[in-house]
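[1] give me a model of this one.
(chains A and B)
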Protein chains: 2
Amino acid sequence: MSEATTRFQPIGKKADTRAGSTLLAIAGGTGVPLESICGGAGSCGKCRVRVVEGMDRLTAVTAAEAKVLTATEITSGMRLACQAEVVSEGDIVVTVPEGSLRGHHRLLASGAEPEVALKPALRKIVLRMPPATLMDIRADDDRLLDILNSEAAITASLSHGVHRNMPRALREKSWETTVTLFRGEELIRVDPGDTSGELLGAAADVGTTKIAVYLIDLTSGKTLAHLSEPNPQIPFGEDVMSRITYAASNADGLERLHGAVISTLNQMLRTLCEDASKDLNDVMEVMVVGNTAMHHIFFGIPPEHLAAAPYAPAVRAAISVDPAHIGMEIYPFGKVSSLPNIAGFVGADAVAVLLSSGLHADGGIGMMIDIGTNTEIIVGNKDRLLGCSCASGPAFEGAHIRHGMRASTGAIERVSIESDTLDVRLRTVDDAPPRGICGSGIVDAIAEMLRCGVISSSGKIASGSTSERIRTGEDGRPEFVLATMDDSGGDADVTVTQADVQEIQLAKSAIFTGVSVLVKRLGIDYSGIETIYTAGAFGTYIDASSAIAIGMYPDVPVERIRFIGNAAGSGARMALKSVEARDLADRLSKAVEYVELASEPGFQSEFAKAMFMPHREEDRFPSFRRTKAA
Amino acid sequence: MSEATTRFQPIGKKADTRAGSTLLAIAGGTGVPLESICGGAGSCGKCRVRVVEGMDRLTAVTAAEAKVLTATEITSGMRLACQAEVVSEGDIVVTVPEGSLRGHHRLLASGAEPEVALKPALRKIVLRMPPATLMDIRADDDRLLDILNSEAAITASLSHGVHRNMPRALREKSWETTVTLFRGEELIRVDPGDTSGELLGAAADVGTTKIAVYLIDLTSGKTLAHLSEPNPQIPFGEDVMSRITYAASNADGLERLHGAVISTLNQMLRTLCEDASKDLNDVMEVMVVGNTAMHHIFFGIPPEHLAAAPYAPAVRAAISVDPAHIGMEIYPFGKVSSLPNIAGFVGADAVAVLLSSGLHADGGIGMMIDIGTNTEIIVGNKDRLLGCSCASGPAFEGAHIRHGMRASTGAIERVSIESDTLDVRLRTVDDAPPRGICGSGIVDAIAEMLRCGVISSSGKIASGSTSERIRTGEDGRPEFVLATMDDSGGDADVTVTQADVQEIQLAKSAIFTGVSVLVKRLGIDYSGIETIYTAGAFGTYIDASSAIAIGMYPDVPVERIRFIGNAAGSGARMALKSVEARDLADRLSKAVEYVELASEPGFQSEFAKAMFMPHREEDRFPSFRRTKAA
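    You can find the predicted model right below:
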């Protein structure tokens, strides 16, 4: 049983549960709100739970469930919570796949974070030393290093910040002082008196679209405050490639991109420090992750060689640089660090996700996927890890989709279509009137259109339908109406066009081809993937069943799919808090065998086959075949 | 025989030498211009030479010589070159003490510099590596470090400058590149192609009064250009103490002092680079020496604790800091380094002087002296070294002296007085009309006044004299006229006042007391000092016999006194060129036992006795006693 599921025992101890209630109602009563957008009709299939104990105390599988669930799912105890009613009292134990939790993406927004033993690269030591007298005229540096050696058996070098602050810091509190060491060997700071109660760091996930920053108390490991903002480089280019081009084709291109991200990060850190009543000068390390291009630009490293074969990064290894060298306005003698990259298109963010997923420690084969314009995939276990990057494009982020938008207020994020009537049920972000469709909404819509026969396995919209929902769009090609102007109160209907379907086919095919190549190299079947760790905002919003239905994810039981939220941010926080996590990241960065898809034999034909939904070779999606048969 | 002497063989091979000539004339003819300001009268005593071979070919010792030379000197073969005439042909071999060389200070201005094997902290290595291809997708850092390891067996870290420049530098010349390593472990720079023919560094002696900078080609060890300028901090305070006070008592005091010296050094380096047609961005290390206060201010370290007991420096050890941290505009990822300090008033400049003197390697006991407002003295040999700092004040630099001035055009630098008539002969800088008196001039003047009985051993000017030269000054106290308005064409006579004499007594007593304390601790007599290494501009200008006569230097034969010029600059150059010199400096900095004179028992009474000229205890100056007797 995947640890990604939430277990709850709705019956027995709880006074408010009684025979006649659905599991959906009981779950709501126990504070586990399940997803459901069909109003309990059993058609949306979002409220899947797996009954572990007490199946005999529930009503039998309904016709609605038989339609939505695969035979395998039913055999393994999967039910739709809106359909299963309690018939007799007694314990019922169910596990809830994370994807069935309503608003799980919000709960998990800051990312799953495995516990790490707090062992930051920064360490404070309080020292009390004999004062300088005419009988003991040692210089401050000798005095400090002598006591550090005798008290803590540490031999360290001094940063220039220590040179400058030492005279005051040693004398201000009668020769009691607190030193801060970096990795146990570099003394980066000296403060008067005992300041061991405070030690601040920050972790940042510099995404192509969004920057998330966390202010961390390194004495407790707690996140004091966090903040996310759009990446200010967006005006220079929406995606990684266009920014690389901007950097390469303008004399000050790199400088401008670099300056933009640095100044935003400085501003975000200032805000976080204000919110937490801390001093920015006390932030002594920032741990940064991002894809390789964002990493390079952040550190002022020319990224242009990432855009052409063989896509070699300038810097793979983890680095720690001087804040002054890149303009970061934290403690000037602190460190701005990053996790290592793996390859030109598998960056430090992927290493962070891997770290936070725990995949590298699993016995069974798992897969980590971070969906974005480039989707990074790592498949393997503690013995072997293979990684690749897929050019999945920006469709999942709402770009290149006629009515696409980011997952903000009014974005359609869940879609359910009634097979017989083609009636549409929607859920929107903030339950606002529908304005457009975001990534998870389009995946849902296409999965439902496929299920209801609105589109064929090759992606063609059935233009001959009598339903008003299917009509000819402005481009002269068929489109499917999700919401009319009347529904939305907006200027236009929200539709899924034939071109939109094609965009999603390209994107999902890119991803599935990546998975296929890695799985084949590893010599396993898709079903051998015991856990899929899904990271990133989009990955968290997406409906797992829909993703499988369109053939974007391999055909595995949905409860194997874990949502690990902003796992890149989590991994960055882990690395900030633990040198062991950093050392592990270094090992992982070298251990992951990078597969360059472009030079993989048979890549093109594999890609073409994956354009079908779920796949041209239907035996790769056995449960899809069974669903159709049912 | 001291290696400080210049040996010449005036007779025999030279056609222009003949019987009847004085050694002075012959020396001039052979290109060894001897000092003489009495016009060959034998009264100034400046043209001492020691006859090693052929004394029997010279006229006998004259009455003039008997008056000026000590008995010991005469016994050891010392003659005045203006008095000794050749009587028969044949080889005459003499050695010339450096102090007898006219203009020797100019010849030695850039300092004696022992040969060092060229082994700079900076090292360039040319690497050729396999290009990145789809078959070899290693990141640039891995590729570079792999080849460095396989070709040169070096494991290094990368500076951020390398991160940034690597992509271009590796590819521009088809994967041929030159890396620059700092101390064999930090890769600070990477350039395209083979640039191993050029490696630039700079050495700087940041004195309280003057800054001297040398641009060095580290592939050959040659000085490409050098420059010296006044320290721009002078307006904030003439001496170290007033600058420390300025730094401590103004909110931005340190910042202003620091900024002033940094911007001057940047400007000087720019000028040197222009002169040598080099790029400032190619200067990869600057090695800086200075006294401890200048060192601290240069590096932006608060100096105030140097001004109060126990005068502990903030930083003793050698440091290498990031140019960006102190605003130096050399290669941004290069190093600004310093030699170690010893104590609050014995700084990195003293270590540099020690290094360049070779005293630390001597078998016999030697003494190194660097005269300034604070005079640093180190006495010892390869087995033991003792050091101290004497508060000698600014009198030798012309300050606190009525007609004092720096050694610039028109400054009286040599004085000779005729014992019977008190007629004065002078030499001035650039042979210009006398405008004032500089440090070497005042020492000469007082030594001569003492010899002629114008002042007593307690320093009192004989007011009852009938000579017009001795008169009552404006302060109602006696003074001695060196030059009248008629001589100088200026506004005032140039005189030595009673107060001037007292200033010099204080200064020379401070120095002699320091010497006495160290000599006593070492358990030797003054005569046990086999060599006195005299450093610094003033030390080079001073007349050794005069310095002994007034009791500033111990009573040793003058040829034991070596002038090593700007030895601090020499030591800085040695350290720039050789890590072995740096390592030696580190050892020396720890090895020198610093003696704090203020806490030395008996210091006050020793100081009081040394106020007399040459000393209250005349047996400490046996040759002076004999001179008087003669």
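
[2] and A:Val162, what does it touch?
    A:144, A:179, A:187-190, A:333 (CB atoms under 8 Å, 6 or more residues apart in numbering or on different chains). For the C-beta atoms, the positions are set from N, CA and C on the backbone; glycine is no exception.

[3] so what's the residue count around the residue in the stretch 1-150 of chain A that chain B sits nearest to?
    Nearest to chain B, among the residues of the stretch 1-150 of chain A, is A:Ala139, at 3.5 Å (CB to the nearest CB). Each residue near A:Ala139 was counted by other CB atoms under 10 Å in any protein chain shown, and the total is 24.

[4] next, the closest residue to it other than its chain neighbours: phi, psi?
    Once its chain neighbours are removed from consideration, A:Ala139 has its nearest residue in B:Arg316; the separation is 3.5 Å (CB to CB, 6 or more residues apart in numbering or on different chains). Torsion angles at B:Arg316 (phi, psi; degrees, to the nearest 10) stand at phi -100, psi -50.

[5] look at B:Arg316 and report its pLDDT.
    Among the per-residue scores, B:Arg316 shows a pLDDT of 97.

[6] got a winner among the contacts of A:Val162 for most neighbours?
    Counting by other CB under 10 Å, A:Val179 has the largest number of neighbours within the contacts of A:Val162, with 27 neighbours.

[7] pretty sure that one contacts A:Arg128?
    No. Here A:Val179 does not reach A:Arg128: they are 11.7 Å apart, not a contact under CB atoms under 8 Å.

[8] any shared contact partners between the two?
    Going by CB under 8 Å, 6+ apart, no residue sits against A:Val179 while also sitting against A:Arg128.

[9] quickly list what A:Lys119 is bridged to.
    As for beta bridges, A:Lys119 partners with A:Ser578 under DSSP bridges.

[10] domain parsing of chain A, as residue ranges.
    Segmentation of chain A into domains, based on automatic domain parsing, reads A:6-102, A:122-192, A:355-393+A:506-624, A:395-504.

[11] what is the mean pLDDT for the last one?
    The average pLDDT for domain A:395-504 rounds to 90.

[12] and the next helix or strand past the helix or strand containing A:Ser546?
    In the assignment (DSSP states H and E), A:Ser546 maps to helix A:544-549. Stepping forward along the backbone from helix A:544-549, the first helix or strand reached (DSSP H and E) is strand A:561-563.

[13] tell me what that following strand is packed against?
    Where contact means 3 or more CB pairs under 8 Å, 6 or more residues apart in numbering or on different chains; DSSP states H and E, strand A:561-563 is packed against strand A:531-535.

[14] what's the strand it packs on packed up against?
    Packed against strand A:531-535, as judged by 3+ CB pairs under 8 Å, 6+ apart, are the following elements: helix A:348-357, strand A:366-370, strand A:561-563, helix A:567-577.

[15] would you reformat those as TSV and include mean pLDDT and mean neighbour count?
    Formatted as TSV, the entries for the helices and strands packed on strand A:531-535 read as follows, by pLDDT from 0 to 100; neighbours: other CB atoms under 10 Å in any protein chain shown:
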stretch	mean pLDDT	mean neighbour count
helix A:348-357	96	32
strand A:366-370	95	27
strand A:561-563	88	27
helix A:567-577	96	31
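
[16] can I get these in CSV with distance to B:Thr208?
    Shown next, in CSV, are the helices and strands packed on strand A:531-535 (distance: least, CB to CB, whole Å):
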stretch, distance to B:Thr208
helix A:348-357, 50
strand A:366-370, 61
strand A:561-563, 68
helix A:567-577, 46
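
[17] so which of these is nearest A:Gly20?
    For the helices and strands packed on strand A:531-535, the distance to A:Gly20 is smallest for strand A:561-563, at 32.0 Å, taking CB to CB.

[18] from the chain's centroid, how far away is that closest one?
    The gap between the average C-alpha position of strand A:561-563 and the chain average comes to 10 Å, counting by CA atoms, centre = their mean, to the nearest Å.

[19] tally of neighbours for A:Gly528?
    For A:Gly528, the neighbour count with other CB under 10 Å is 15.

[20] surely it touches A:Met367?
    No. Between A:Gly528 and A:Met367 there is no contact under CB under 8 Å: 9.9 Å.

[21] got the contact list for the most centrally placed residue in chain A?
    Nearest residue to the geometric centre of chain A (CA atoms, centre = their mean): A:Gly536, 2.2 Å. Contacts here follow CB under 8 Å, 6+ apart; on that basis A:Gly536 touches A:353, A:370-372, A:566-568.

[22] can you lay out the residues you listed as CSV showing distance to chain B?
    Rendered in CSV, the data for the contacts of A:Gly536 read as follows (distance: CB to the nearest CB, whole Å):
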residue, distance to chain B
A:Val353, 19
A:Asp370, 20
A:Ile371, 23
A:Gly372, 21
A:Asn566, 26
A:Ala567, 23
A:Ala568, 20
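
[23] make TSV out of those and add distance to A:Leu158.
    Formatted as TSV, the entries for the contacts of A:Gly536 read as follows, by distance: CB to CB, whole Å:
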residue	distance to A:Leu158
A:Val353	37
A:Asp370	40
A:Ile371	46
A:Gly372	42
A:Asn566	37
A:Ala567	37
A:Ala568	34
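
[24] of all those residues, which comes closest to A:Gly90?
    Closest approach between these and A:Gly90, by CB to CB: A:Ala567, at 38.6 Å.

[25] list the contacts for that closest one?
    For A:Ala567, the set of contacting residues under the criterion of CB under 8 Å, 6+ apart consists of A:111-112, A:352-353, A:356-357, A:370, A:533, A:535-536.

[26] report the closest residue of the stretch 501-630 of chain A relative to chain B.
    As assessed by CB to the nearest CB, chain B sits closest to A:Ser599 within the stretch 501-630 of chain A, at 4.8 Å.

[27] and that residue, what does it touch?
    Listed by CB under 8 Å, 6+ apart, the contact partners of A:Ser599 are B:Leu134.

[28] A:Val443 too?
    When contacts are counted by CB under 8 Å, 6+ apart, A:Val443 is found next to A:396, A:504, A:542-543, A:546-547, A:550, A:552.

[29] can I get the residues you listed in CSV including neighbour count and distance to chain B?
    Listed next are the contacts of A:Val443 as CSV, based on neighbours: other CB atoms under 10 Å in any protein chain shown; distance: CB to the nearest CB, whole Å:
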residue, neighbour count, distance to chain B
A:Phe396, 31, 27
A:Ile504, 27, 29
A:Ile542, 27, 31
A:Asp543, 27, 36
A:Ser546, 26, 35
A:Ala547, 28, 30
A:Ile550, 32, 31
A:Met552, 30, 27
